[in-house]
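Engineer: Generate coordinates for the sequence data below:
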Amino acid sequence: MDLTDRISQHFKESAQTKLDAVELLAAPIAEGIEAMVGSLLNNGKILACGNGGSAADAQHLAAELVGRFEVERHELAAIALSTDTSVISAIANDYGYKAVFAKQVRALGQPGDILVAISTSGNSPNVIEAINAAHENDLRVIALTGKGGGAIGEILRDSDVHICVPAERTARIQETHLLIIHCLCDGIDCLLMGVEE
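Structural biologist: Sure thing, here's the model as predicted:
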């Protein structure tokens, strides 16, 4: 296969993954939007975590909320827990890497806040610990996973929102997670500001 054919195949697979997911994921994405807006309107905040590409997604989400998505609006409270290298390295050094997000959730999270927990496999130990910490502190969880949801799918509560991409390939899951993040941001703006376009 030459490179142009290979690239074309990536585009086709990515588009097909998203098309296959829309009917399954539209309702939980809408539920996630409503949960986030409810929290923000009650002076809550959004905490987001993940590893690697999912850490980048957590940062992307926080940036869109604190800054803006597509329209001008007031700032929204959001923190990516993957960004403070001093905090992360101190926690990892003293308590192990499994604790890097959970300790931040306990320190920063308040009842009524939202934790957006991102893991393509659904099995990231430090994301699982963050979810446990969120539950201990009365935070609602919105989990973005793939590959059937893994261990995360098993520990979520009925009040949590599980947005599980129906795919096995990590790259396709991550690409769909980015679309989901944009849907969340757009939906938040729509509900907060009446954005229609």
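
Engineer: where are the low-confidence patches of this protein?
Structural biologist: Counting by pLDDT under 70, the chain contains low-confidence residues at 1, 195-197.

Engineer: contact partners of the helix or strand hosting Ala130?
Structural biologist: Using DSSP states H and E, the element containing Ala130 is helix 125-136. Identification of contacts with helix 125-136 by CB atoms under 8 Å, 6 or more residues apart in numbering yields 47, 49-51, 54, 81, 97-106, 109, 115, 117-119, 140-141, 143, 151-152, 155-157. Heads up, the C-betas are built off the backbone N, CA and C, glycines and all.

Engineer: again with stretch 5-16
Structural biologist: By CB under 8 Å, 6+ apart, the residues outside stretch 5-16 that reach it are Met1, Arg169, Ala171, Arg172, Glu175.

Engineer: What's the separation between Glu70 and Gly187?
Structural biologist: Taking CB to CB, to the nearest Å as the measure, Glu70 and Gly187 are separated by 12 Å.

Engineer: between the two, which one's more packed in?
Structural biologist: Neighbour count, other CB atoms under 10 Å: between Glu70 and Gly187, Gly187 has more, with 19 against 12.

Engineer: nearest spatial neighbour of the more buried one, skipping sequence neighbours?
Structural biologist: Leaving aside its chain neighbours, Gly187 sits nearest to Ile33 (3.4 Å; criterion: CB to CB, 6 or more residues apart in numbering).

Engineer: which phi and psi does that neighbour have?
Structural biologist: Ile33 has phi and psi values of phi -60, psi -50 when expressed as degrees, to the nearest 10.

Engineer: residue ranges of the strands in the chain, please?
Structural biologist: Using DSSP state E, the strands of the chain run over 46-49, 78-80, 114-118, 140-145, 161-164.

Engineer: can you tell which of these is closest to Ala62?
Structural biologist: Ala62 lies closest, by CB to CB, to one member of the strands of the chain: strand 78-80, at 4.1 Å.

Engineer: Show me what that closest one packs onto, helices and strands only.
Structural biologist: Here strand 78-80 touches strand 46-49, helix 53-66, going by 3 or more CB pairs under 8 Å, 6 or more residues apart in numbering; DSSP states H and E.

Engineer: if we compare these, which one ends up closest to Leu19?
Structural biologist: Of all the helices and strands packed on strand 78-80, the one in closest proximity to Leu19, counting by CB to CB, is helix 53-66 (20.5 Å).

Engineer: list the buried ones in that closest one?
Structural biologist: Across helix 53-66, burial judged by 16 or more other CB atoms under 10 Å covers Gly53, Ser54, Ala55, Ala56, Asp57, Ala58, Gln59, His60, Leu61, Ala62, Glu64, Leu65.
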